[in-house]
Every structure is written in C-alpha cells, then in structure tokens.
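[1] Turn this into a structure:
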Amino acid sequence: MNKEAAIISIRNGITRHPDHRMAEPVNLDIYLGEQIAILGPNGAGKTRLVEIITGRWPLLGDAITYNFGDEGLVSDNIKYLAFRDSYGDSSTTYYYQQRWNQHDIDDDMPRVDGKPIIALSSGELRKYQLRKALQSNPRLLILDAPFIGLDVHARKELRDTLADLIQRTGLQVILVLSRPSDIPDFINRIFYIEDKRILPTSTLLPITGSLPPTGGAGEGPGEGLPILRFSHVTIRYGARTILNDLSWTVNQGEHWALSGDNGSGKSTLLSLVCADNPQAYACDIELFGHQRGSGESIWEIKRHIGYVSPEMHRAYQKDLPAIDIVASGLHDSVGLYVRPRPEQRETCLEWMRRFGIEELADRTFLSLSSGEQRMCLLARAFVKSPDLLILDEPFHGLDDQRRLLATSIIEDYCKDPSRTLIIVSHYEEELPACITHHLKLTNSR
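    Next up is the predicted model:
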C-alpha cells in the first residue's frame, strides 16, 4: 500500500443539498492499494457515503480530489453497482410479468451462458451484472451488498474472482456490507458508519443486541390439510426446462426451507405458489383446496399469502410513506390504492413497532436505506397475519441485529400451529429454528 498516493481525498466534505449530508463533514483518504469495507447497521449512512465518494452529490467548494493520473474521467475509473442495479435497470427484459408471459423465446434476445436474459434466475442475473461491471476494467469497483442473492458457491466464486483481479490487475474494491461475517480476507481497511458518521476503525465492535421476548414455548407445528399440492409439475421456457416432474405437498402448520443453487427454479416455484405464473393453469396444482383453473381468482389465493422477495423489493418504486407500503399488504397491491381504516392503520403501526421501524412511518419509502426498505416489506408480509408466509431471501441487506429481530418474529409466527412457512435462504445458518421440512431443487438440464 502506497500511503503517499491517495487516489481520492475528501476534506470537510459537505453536500450542497442538505438531504444528502452526513451528520458531520466527511474527511477521508483512499490510498493506492487499499481494499475497503464500509460496514454498519441499516440506515447508518453507508450508501450516502459511497454517493459522496463517487461524486453523485456535489460538495461545497473543492472538497473532493481524484487522482487517477491521465487515465480518463472519474466515471471511467470508478464503477458503482448498487442493490437495485444488480438486478438490472428499469428497462431490462428481466422481470416477473415478462418472464412468466414469455412462451416463445426470441432467438435475437441477448443471451448469457447460452440462456436468454429473461430465463435467468435472480442470482444468475446478479452474477451477470457483476461480470458486466468487471468487464469495464475499472480502477475502483464499488459493490453495495455484493453477496445477496448468491448461493454459497457463487459467493465463493465472487470472493475468489475479486481476490484474483486484485492480485493480477491492481483492482481496488470497496464493498458495502451490513454484516461483519461477509468481510472477505482481502479487505485491509474498514470504514465503520453509525448515525451518519464515520467512526475510527478502533471502534469497530461486533454488532450485539438482545432479542425481544418471544413468549412461551408454544405448540409444535400441526399436521393439517394440504395448503398446496404439486403433482408431476414441469415448467419450460423455450427449450429450457426449469422444473421437471416435481411433486410436492405442503400441509398446514409445516415450516419448509426451500434451497438450491442459482438457476435451479426456486423463483419459478414460488411464482406458481403465489399464482403469478400463467403456466400453472397447464399443471396439476392445488392451492388452498382449489385446483388451479377451476374458477378461483388470483386475489382469492393471494389473500391467504404474505410474501417478500428481492424482485418485490425492486418493484417498489412508489415513493409513498412507509406506513402506506406496509398497508399495501392488506390488499396485495404494489402501492396503496385503498386508504386504510383507522384500525388497519393501527395494525400497520403495531407491525412496524415489532420490526423496530415505527419512527419511519411517515418517511417516504425511496428515502430509506435498502435495509430499512426490506424491514418495511417484511412488515408488509406479516400485516394481515397470513395463513401462508413466503419469505424469499428475507434477510437480504439486513445487519446482524435486524436479522436476529426478524428471525425472532418469524419464529413467533411459527408457534401458531395453523400457520405455514416457506423460506428461501442461501445461508443455511440463517434459517430459523422452527424449520420442519426441506426441499432442495437441482438444476435441470
């Protein structure tokens, strides 16, 4: 590390717009050869600091200096891949409705590893976006929450790829993380952020915190009537088979962990459960005692289900008050089109209190950090006390303390023997203790 060669220096950095300021002026140097982790709890200001470093928000005076020599513009030397970017921009052909309604895949559609973009899983698409960022050969690569959505093999592959590029090309990276356990071995400097302040590295401590009371032991899950039943279900997009001859029954009161590598069909399976996939009508599928295609509406199915996923998170582009986002779960809508009654609003506030985000109720959704947004969407999934709770990577972007809080709420939910859970996580150690059954999908060929 050459301490004499700072590639970025900020002195008394204050953004011109008050809404984007840290709690105090920013002073930092990033030196040649440093590999940095920006670490801190959700809402601490990590992304805000990155946006200052990248120059997204202009600073007063000449507070920031870049020193990349004569090698192009700042934008050529710094590439920043944020959470939403990693799933594609708003114009991408990858999206639920387009994916589910695509029966004949266009031969001219861009392909990744032989697959059309619309056929990629969320994890595969994330790897594709990361690969695109690396192909531009940046001097400094900034990745916000780089490991979310990646299975254990893909996370190791990304760490190994970054370590190799650092060694061979001199690439420098800044990783924005919420969990200390995600810090790779090649990181040699940490900026710890708390309350919109950069703390000295010496203050870096493990994130701790006691869980709220969870009540008594409760009854174990009961074996009830089938919530869903799949019989020899096969789903194909063009020539590619996503699910092949799958039979699966979930009974009331069971708590399932759904696993599988990126591209194994987890998202497709959940789209069938949530009545979002039109191919369900050609399959032998029964949901809540009704055969698909027998006349029930998707809204009759959805009223039994609470759901959160990375795709849903990305879909929420409405800058409504956070409490309205939570209230939209009462009506299974993206955005709020029916004003909640006073008693419904109190229910929303109670769930926000349980998730520790009551103070965010009147803040607009897009002004929140990605971790705070995820907590709002988790509260949205619980707000109607659904019969079936489907949590697809629910801990994405959460710091350790909020992950523990969310886990305790999930486990409280599972104490009711009438409630059923399906949860997806690429981190086996994240699964709540209440899990009773496992389904692992394998990639179809």
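[2] May I see the domains of this structure written out as residue ranges?
    Using automatic domain parsing, the domain ranges for the chain come out as 2-203, 226-440.
[3] Span of the last one from start to end?
    It stands for domain 226-440. Taking Cα to Cα, to the nearest Å, domain 226-440 runs 20 Å from one end to the other.
[4] Go ahead and confirm Arg16 touches Gly61.
    No. Counting by Cβ atoms under 8 Å, Arg16 sits too far from Gly61 to count as a contact (9.7 Å). Glycine gets a C-beta too; all of them are placed from N, C-alpha and C.
[5] Find the least confident helix or strand in this protein, judged by mean pLDDT.
    helix 96-100 (a mean of 40; mean pLDDT, DSSP states H and E).
[6] mind listing the helices for the stretch 101-250 of the chain?
    122-135, 152-169 (DSSP state H, counting those that start in this stretch).
[7] What is the distance between the first one and the centre of its chain?
    Okay, so that is helix 122-135. 15 Å (Cα atoms, centre = their mean, to the nearest Å).
[8] which helices and strands does that helix pack with?
    strand 78-81, strand 140-144, helix 152-169 (3 or more Cβ pairs under 8 Å, 6 or more residues apart in numbering; DSSP states H and E).
[9] Pull out the buried residues from the longest one.
    Right, helix 152-169. Of the residues in helix 152-169, 154-155, 158-159, 162-163, 165-166 count as buried by neighbour count, 16 or more other Cβ atoms under 10 Å.
[10] out of these, which one sits closest to Met375?
    Relative to Met375, the closest of these is Arg155; by Cβ to Cβ it sits at 23.0 Å.
[11] Could I get the pLDDT score of the closest residue to that closest one other than its chain neighbours?
    Spatial nearest neighbour of Arg155, excluding adjacent residues (Cβ to Cβ, 6 or more residues apart in numbering): Phe147 at 5.0 Å. Turning to Phe147, the model gives it a pLDDT of 84.
[12] so what's Leu398 up against?
    By Cβ atoms under 8 Å, 6 or more residues apart in numbering, the contact list for Leu398 reads 42, 178, 371, 374-375, 406.
[13] for it, helix, strand, or coil?
    Judged by DSSP: H, G, I helix; E, B strand; the rest coil, the three-state class of Leu398 is coil.
[14] State the distance from it to Met375.
    7 Å (Cβ to Cβ, to the nearest Å).
[15] which residues are in contact with both of the two?
    By Cβ under 8 Å, 6+ apart, the residues touching both Leu398 and Met375 are 42, 406.
[16] ok so, going back, tell me which of the helices of the stretch 101-250 of the chain sits nearest to Gln252.
    Among those, helix 122-135 comes nearest to Gln252, with 28.5 Å by Cβ to Cβ.
[17] can I get the CA coordinates of that closest one in CSV?
    The C-alpha atoms that make up helix 122-135 are tabulated as CSV, following Å, rounded to 0.1, in the frame of the first residue of the first chain:
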residue,chain,number,x,y,z
SER,A,122,-32.3,-13.5,-9.8
GLY,A,123,-28.9,-14.9,-8.6
GLU,A,124,-27.8,-15.6,-12.2
LEU,A,125,-28.8,-12.1,-13.3
ARG,A,126,-26.9,-10.7,-10.3
LYS,A,127,-23.7,-12.5,-11.4
TYR,A,128,-24.2,-11.3,-14.9
GLN,A,129,-24.4,-7.7,-13.8
LEU,A,130,-21.3,-8.1,-11.6
ARG,A,131,-19.5,-9.6,-14.6
LYS,A,132,-20.5,-6.6,-16.8
ALA,A,133,-19.1,-4.2,-14.2
LEU,A,134,-15.8,-6.1,-14.1
GLN,A,135,-15.5,-6.2,-17.9
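[18] From here on, call the first residue 118.
    Sure thing, new numbering starts at 118, so read that last one as helix 239-252.
[19] What backbone torsions are found at Ser388?
    phi -70, psi -30 (degrees, to the nearest 10).
[20] Repeat that for Leu506.
    Main-chain torsions, Leu506, degrees, to the nearest 10: phi -110, psi 120.
[21] about what we covered before: let me know which of the domains of the chain is tucked in deepest.
    domain 343-557 (a mean of 18; mean count of other Cβ atoms under 10 Å).
[22] Now do the helix or strand harbouring Trp468: which elements does it pack against?
    According to DSSP states H and E, Trp468 maps onto helix 459-471. On a contact count with 3+ Cβ pairs under 8 Å, 6+ apart, helix 459-471 meets helix 439-444, helix 487-499.
[23] Identify whichever of the ones you listed lies nearest to Leu508.
    Closest approach to Leu508 among these (Cβ to Cβ): helix 487-499, 6.9 Å.
[24] Which secondary structure elements does the closest one sit against?
    Here helix 487-499 touches strand 422-425, helix 427-432, helix 439-444, helix 459-471, strand 505-509, helix 517-531, going by 3+ Cβ pairs under 8 Å, 6+ apart.
[25] what about Ile127, which helix or strand?
    Short version, using DSSP H and E: Ile127 is in strand 119-130.
[26] Please work out the average pLDDT along that strand.
    Per-residue pLDDT over strand 119-130 has a mean of 80.
[27] so what strands line up beside that strand?
    According to DSSP bridges, strand 119-130 forms sheet pairs with strand 143-149 (antiparallel), strand 181-183 (antiparallel).
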